[in-house]
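Let me see the structure of the following:
(2 chains)
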Amino acid sequence: DAGVTQSPTHLIKTRGQHVTLRCSPISGHKSVSWYQQVLGQGPQFIFQYYEKEERGRGNFPDRFSARQFPNYSSELNVNALLLGDSALYLCASSLATSSSYEQYFGPGTRLTVT
Amino acid sequence: GQNIDQPTEMTATEGAIVQINCTYQTSGFNGLFWYQQHAGEAPTFLSYNVLDGLEEKGRFSSFLSRSKGYSYLLLKELQMKDSASYLCAVRLDNFNKFYFGSGTKLNVKP
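Here you go, the predicted model:
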């Protein structure tokens, strides 16, 4: 079975621009979470979507938004990019039931803002 | 607010045992997770504790004390490939909202 896939792998953008990152979960997984990981830090929770509804949001500005599609894939959008948005963006998928606890991470998208 | 503390870096010798500690104070608790992350790669799941006690999984064991807000990851018979960052994370709710610590970088020496 295919794991979590993310695109693109790497991205270079300029301050003020907009970026869209994409994630396809493992087949059968209805939950997708997005994390931002700055070098040397742990992943920081941005959003979680389950059955196309936002179930959780971390402490990120409104420049960050996301959505989940009927096929459970997801997009993370970031507007008005800042230098500080440079990070590895990780997507994780899971069954997200009370008895299913494991989440599987994709390889990430490395975003560099110049 | 949420807070997870773990040591920044540790060094151990191949074949030895190492214990990585994690303390947490979070607004919710639905399990304590440990992930391994090699440089430049995504985190991979190692272990999960929701009840107090020790969970053993091969060379890796994890312990949880909910009353103390404390967990540790024990790695036995260290191998060079165990050099990685180890992330402690708390699942905050019944879905999958996780809060991660900053990670402990483990260096395994020959």
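
Who are the contact partners of residue 4?
Defaulting to chain A. When contacts are counted by CB atoms under 8 Å, 6 or more residues apart in numbering or on different chains, A:Val4 touches A:Cys23, A:Ser24, A:Pro25, A:Ile26, A:Cys91, A:Ala92, A:Ser93, A:Tyr104, A:Phe105, A:Gly106, A:Pro107. Every C-beta, even on glycine, is put in place using the N, C-alpha and C of the backbone.

Switch to chain B, please.
Here B:Ile4 is in contact with A:42, B:22-26, B:88-90, B:99-102 (criterion: CB under 8 Å, 6+ apart).

What does the pLDDT read for A:Ser98?
With respect to pLDDT, A:Ser98 scores 59.

cool, A:Gly28 as well?
What the model reports for A:Gly28 is a pLDDT of 89.

excluding its backbone neighbours, what's nearest it?
A:Leu95 (7.3 Å; CB to CB, 6 or more residues apart in numbering or on different chains).

May I have the beta-bridge partners of the nearest residue to A:Val38 once chain neighbours are set aside?
Setting aside the residues directly before and after it, A:Val38 is nearest to A:Ala87 in space (CB to CB, 6+ apart), at 4.8 Å. Counting by DSSP bridges, A:Ala87 is bridged to A:Leu111.

Please determine how far A:Ala87 is located from B:Gly40.
Separation of A:Ala87 from B:Gly40 (CB to CB, to the nearest Å): 13 Å.

Between those two, which is the more surrounded one?
Higher neighbour count among A:Ala87 and B:Gly40: A:Ala87, with 20 against 9, using other CB atoms under 10 Å in any protein chain shown.

For the more buried one, give its distance to B:Lys97.
Taken as CB to CB, the span from A:Ala87 to B:Lys97 is 19 Å.

State whether the residue nearest to A:Gly28 and A:Lys30 are indeed in contact, as I suppose.
Yes - with contacts counted by CB atoms under 8 Å, A:Leu95 reaches A:Lys30, the gap being 7.0 Å.

and B:Asn107, that one's in a strand?
Yes - the assignment for B:Asn107 is a strand, going by DSSP: H, G, I helix; E, B strand; the rest coil.

That one and A:Glu53, how far apart?
For B:Asn107, the distance to A:Glu53 (CB to CB) stands at 43 Å.

More neighbours: these two, which one.
Neighbour count, other CB under 10 Å: between B:Asn107 and A:Glu53, B:Asn107 has more, with 13 against 8.

Find the nearest non-adjacent residue to the one residue sitting closest to the centre of chain A, please.
Closest to where the C-alpha atoms of chain A average out (CA atoms, centre = their mean) is A:Trp34, at 3.0 Å. Closest residue to A:Trp34 apart from its sequence neighbours, by CB to CB, 6+ apart: A:Ile46 at 4.3 Å.

and the gap between the closest residue to A:Gln41 other than its chain neighbours and A:Tyr50?
The shortest distance from A:Gln41 to any non-neighbouring residue, by CB to CB, 6+ apart, is to B:Ser102 (5.2 Å). Between B:Ser102 and A:Tyr50 the computed distance is 27 Å (CB to CB).

show me where chain A has strands.
A:5-7, A:10-13, A:19-24, A:31-37, A:44-50, A:53-57, A:64-68, A:74-78, A:87-94, A:104-105, A:109-113 (DSSP state E).
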